[in-house]
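Chemist: can't give you the sequence, but here's the structure:
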Ligand SMILES: Nc1ncnc2c1ncn2[C@@H]1O[C@H](COP(=O)(O)OP(=O)(O)OP(=O)(O)O)[C@@H](O)[C@H]1O
């Protein structure tokens, strides 16, 4: 299977903290769902910032399809950990932002999805009028509806209550099944990573050809924790 995203021997350090990523190699295949789990400070968000082109590694190369993307932004739909909504834009205009960058805003589709996440009545509200969980749902929707084929989700559901989180997790899986985007998902929570593995199994068994795994990062080193892996040939 073709790698959609490839990190080859990526090393990144910061002045204060020293080496954070030490020779990381990671391949994510087309349509694959990969959870990245690890303790706080192990470098999970730093990996995303490198893939998203927000920072440059001092060593190593990053590829999207076969194209080198070191330091390039705009290739990936990225939902960072911190609130990334633009305060001067309404909810609907924030959701449409990712699509506007590609000149493809689809207001009707955005409204359809806002209804699904119970935010239809807030489409004309501004971010300061929303709770933390509502903002997270808006940012998540913007990322999902962006046209790029790779989603980077950095703890997208951390501000949500258990019930809403469960709904969003199920929703994310159904979107992944329907759109077959490549998803990299950061979480602190091993149970959440296992949820996606188990949730993916029925789909993968049906499709006969896929591959799901979780990665566990230790400071400076990457170890692969193969919780579940399936590779079927069609
Ligand atoms: N811009 C920066 N300048 C200096 N140090 C940084 C910078 N960004 C990250 N770091 C440091 O790099 C290390 C890894 O940070 P990172 O945010 O990638 O970890 P993380 O695994 O995502 O943590 P968390 O789960 O708490 O979000 C931390 O020690 C952090 O202080």
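Modeler: Perfect, I can see it now. Fair warning: this is a prediction, and the values are worked out from it, not measured in the lab. Numbering: from 1, shown residues only.
Chemist: what's the domain layout of this protein?
Modeler: Listed by automatic domain parsing, the domain ranges of the chain are 1-76+148-234, 83-147.
Chemist: quick one: mean pLDDT over the shortest one.
Modeler: So the one you mean is domain 83-147. In this model, domain 83-147 has a mean pLDDT of 92.
Chemist: tell me where this structure has strands.
Modeler: In the chain, strands defined by DSSP state E lie at 3-14, 18-29, 33-37, 59-64, 67-68, 77-79, 150-154, 182-187, 213-218, 221-225, listed in chain order.
Chemist: what does the shortest one contact?
Modeler: To tie it back to what came earlier, the one meant is strand 67-68. 61, 62 (CB atoms under 8 Å, 6 or more residues apart in numbering). Where C-beta positions appear, they are placed from N, C-alpha and C, glycine not excepted.
Chemist: please apply the same query to the fourth one.
Modeler: Defining contact as CB under 8 Å, 6+ apart, one finds that strand 59-64 is touched by 3-11, 23-24, 50-51, 68-70, 75-76, 150.
Chemist: so which bits of that strand are buried?
Modeler: For strand 59-64, the buried set under the neighbour-count rule, 16 or more other CB atoms under 10 Å, comprises 60, 62, 63, 64.
Chemist: equivalent analysis for the first one, please.
Modeler: Neighbour counts using 16+ other CB under 10 Å place 3, 4, 5, 6, 7, 10, 11, 12, 13 of strand 3-14 among the buried residues.
Chemist: hmm, back to that, go through the domains of the chain and name the closest to the ligand.
Modeler: domain 1-76+148-234 (3.3 Å; CB to the nearest ligand atom).
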